[in-house]
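>>> Return a 3D structure for these sequence lines:
(one chain, ligands or ions: 2)
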Amino acid sequence: MAPVTVKKICCIGAGYVGGPTCAVIALKCPHIQVTIVDLNQARIDAWNSPDFQLPIYEPGLEDVVRACRGRNLFFSTNVDKAIQESELIFVSVNTPTKKSGVGAGFGADLHYVESATRRIAAVANSSKIVVEKSTVPCRTAESMRTILEANCKPGCRFDILSNPEFLAEGTAIADLFSPDRVLIGSLQTQEGKDACAALASVYANWVPTARILTVGLWSSELSKLAANAMLAQRISSINALSAICEATGANIDEVAHAVGYDSRVGPKFLRASVGFGGSCFQKDILNLVYLSESLHLPEVAAYWRQVVEMNEYQKRRFSKTVVDTLFNTITGKHIAVLGFAFKADTGDTRESPAITLIRDFLAERAYVTVYDPKVEAEQIWQDLTEACPDLTLEQIKKQVTLAPSALEACKQKEAVVIATEWKEFREISWQTVYNDMTKPAFVFDGRLIVDADKLREIGFKVKVIGRGERI
Ligand SMILES: NC(=O)c1ccc[n+]([C@@H]2O[C@H](COP(=O)([O-])OP(=O)(O)OC[C@H]3O[C@@H](n4cnc5c(N)ncnc54)[C@H](O)[C@@H]3O)[C@@H](O)[C@H]2O)c1
Ligand SMILES: O=c1ccn([C@@H]2O[C@H](COP(=O)(O)OP(=O)(O)O[C@H]3O[C@H](CO)[C@@H](O)[C@H](O)[C@H]3O)[C@@H](O)[C@H]2O)c(=O)[nH]1
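Ligands and ions are numbered 1, 2, ... in the order given. Predicted structure coming up:
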């Protein structure tokens, strides 16, 4: 059987991955009709909003959606119709860490993947290529295949592919336009290879073929977890070294520069910080830990677990530095927190280190004022309520206020804490900030973005992650 020519694609899950990924496919493949479906009506309404108030903020995304929405890109809640019409279906639903039951706190909650798969099985009335886009534990494709094959209608067949996504938030569109690689895993049967060729031909519309890697199904699934684990491991390594720098007077920027200059190490992902956040790193490493334990590999599990533990330590260490530096108490003190997103150029707050810091400050009964250029107020209240189960929203609102700008947030505060590396925090007028602050005025830089010497000349007391200078 010759590889299928893909004319219609359905993507189940209109989130941070499904939305941008399939919008870019629609842009680059005008001959393919792409329908992105979701059960969440509000999300689909936002994708369809006349003024392009899209449900996620991602630089460049609006231009892509404007170019193809209504042409060959559609957003809908009619999941069944999109499944039936398409030859190729991406499953791009969420796979959060399990909160209860077996594997709670580590394993991936696969019930969204399973219900999407069951829906495909229930309504498909022709052969489909089903593509696992979500990040999943090794061998999930096997479970999907079992469900699909058990429900296959006469004359139909299902081929399962793994095609993990490597985009990073904030640079998703650039990453999708020019990916380092596209990874496709398939069974090594003729049918599996044909399905793989069909998906590869979609990407080949804009990705050089040398960058389209084809591997076995399980290698593909494991490679995604491995890539995230190794990226996060670099951050935990540099953060561990930042603690040594603070204790010795070395400078973590200089150390990272010197180490990264070795072409075998490379310069990327060596930026010390208050800790990594985001929906993926912690979840995927815990998933790898759980997988290792299930395979009776406790040493391997312990190795990867330490990457997450180091990250927790880094966040705790930073909160403690704030308290210690502010004369061992922040009770009743006023602290501005600049940034709430887990990184710059996104409105996403999942696992943001800012949440942990603010939780710690509230536990010390400090007053906190937050400013973030992209995160919605609703989201901040929701995240803080979840992070502080002992406090009601009313109590949280007595201690936390939201400011309309960075300058407003810093007024009359004893300390400014930089939690996200937004460009505007680099460019803020620190002299104005200083003039309006309570003295002595402290800056705690958790993202290595300020020029500490300049700030000290203005009069600030400055603490930067990974720098051992006395203030
Ligand atoms: N966020 C990232 O940067 C990123 C990058 C690479 C991979 N991933 C992985 O991609 C997957 C999706 O992540 P995300 O950030 O887009 O999640 P998300 O929560 O933003 O989006 C998932 C969407 O799927 C929808 N959904 C769930 N079950 C459904 C069903 N049965 N039918 C229809 N819709 C359904 C939800 O309503 C939600 O809108 C995860 O496995 C994640 O680990 C995420
Ligand atoms: O040197 C660095 C680089 C990043 N970070 C932090 O690490 C977190 C994650 O950043 P990043 O990886 O840029 O964003 P994500 O959107 O989480 O992307 C990661 O997770 C995605 C989901 O699986 C993968 O697809 C991407 O390849 C992978 O980079 C953020 O809090 C960053 O501030 C650092 O502290 N130091």
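
>>> Can you get me a residue count around K320?
Neighbours of K320 under the rule other CB atoms under 10 Å: 11. Any C-beta I mention is one placed from the backbone N, CA and C, and that applies to glycine too.

>>> nope, A415 is what I was after
When neighbours are counted by other CB under 10 Å, A415 comes out with 26.

>>> try T214
Neighbours of T214 (other CB under 10 Å): 18.

>>> what's the answer for D324, then?
Neighbour tally, D324, other CB under 10 Å: 12.

>>> Could you say which helix or strand holds it?
helix 298-325 (DSSP states H and E).

>>> helices or strands up against that helix?
For helix 298-325, the contact count by 3 or more CB pairs under 8 Å, 6 or more residues apart in numbering; DSSP states H and E identifies helix 217-248, helix 281-294, helix 353-363, strand 442-445, strand 461-464 as packing neighbours.

>>> mind checking which of these is nearest ligand 1?
Among the helices and strands packed on helix 298-325, the nearest to ligand 1 by CB to the nearest ligand atom is helix 281-294 (6.4 Å).

>>> now the helices and strands packed on helix 298-325 as TSV including distance to S178, mean pLDDT and mean neighbour count?
Compiled in TSV, these are given as follows (distance: least, CB to CB, whole Å; pLDDT from 0 to 100; neighbours: other CB atoms under 10 Å):
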stretch	distance to S178	mean pLDDT	mean neighbour count
helix 217-248	17	97	19
helix 281-294	22	95	22
helix 353-363	29	98	23
strand 442-445	32	98	24
strand 461-464	33	97	22
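
>>> With distance to V91 added, can I get the ones you listed in a markdown table?
Listed next are those as a markdown table, based on distance: least, CB to CB, whole Å:
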| stretch | distance to V91 |
| --- | --- |
| helix 217-248 | 13 |
| helix 281-294 | 17 |
| helix 353-363 | 29 |
| strand 442-445 | 41 |
| strand 461-464 | 43 |
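
>>> Just put the ones you listed in TSV and tack on distance to ligand 2.
Listed next are the helices and strands packed on helix 298-325 as TSV, based on distance: least, CB to the nearest ligand atom, whole Å:
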stretch	distance to ligand 2
helix 217-248	5
helix 281-294	6
helix 353-363	7
strand 442-445	13
strand 461-464	14
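
>>> closest one to R264 among those?
With CB to CB as the measure, helix 217-248 is the member of these nearest R264 (12.9 Å).

>>> Helix or strand next in line after the closest one, which one?
Helix 217-248 is succeeded, C-terminally, by helix 252-260 (DSSP H and E).

>>> Measure how that next one sits relative to helix 217-248, angle-wise.
130 degrees (axes from the mean of the first three to the mean of the last three CA atoms, to 10 degrees).

>>> Let's see helix 252-260 as PDB, backbone CA atoms only.
Presented in PDB, the C-alpha positions along helix 252-260 are these (Å, rounded to 0.1, in the frame of the first residue of the first chain):
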ATOM      1  CA  ILE A 252      28.300  32.200  38.000                       C
ATOM      2  CA  ASP A 253      28.200  34.200  34.800                       C
ATOM      3  CA  GLU A 254      31.900  33.900  34.400                       C
ATOM      4  CA  VAL A 255      31.900  30.200  35.300                       C
ATOM      5  CA  ALA A 256      29.000  29.400  32.900                       C
ATOM      6  CA  HIS A 257      30.800  31.400  30.100                       C
ATOM      7  CA  ALA A 258      34.100  29.500  30.700                       C
ATOM      8  CA  VAL A 259      32.500  26.100  30.900                       C
ATOM      9  CA  GLY A 260      30.200  26.700  28.000                       C
END
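
>>> any idea where the helices of the stretch 101-250 of the chain begin and end?
111-123, 140-150, 172-177, 190-203, 217-248 (DSSP state H, counting those that start in this stretch).

>>> and T77, which of the helices and strands packed on helix 298-325 is closest to it?
Comparing the helices and strands packed on helix 298-325 by CB to CB, helix 281-294 comes nearest, at 26.3 Å.

>>> and the protein, which of its residues are near ligand 2?
135, 165-169, 228, 231, 235, 269-271, 273, 276-278, 280-281, 342-343 (CB under 6 Å from any ligand atom).

>>> ok, 5 Å please
Residues of the chain found near ligand 2 (CB under 5 Å from any ligand atom) are 166, 168-169, 235, 269, 271, 273, 276-278, 280, 342-343.

>>> continuing past the helix holding D324, what's the next helix or strand?
Using DSSP H and E, the first helix or strand after helix 298-325 is strand 334-338.
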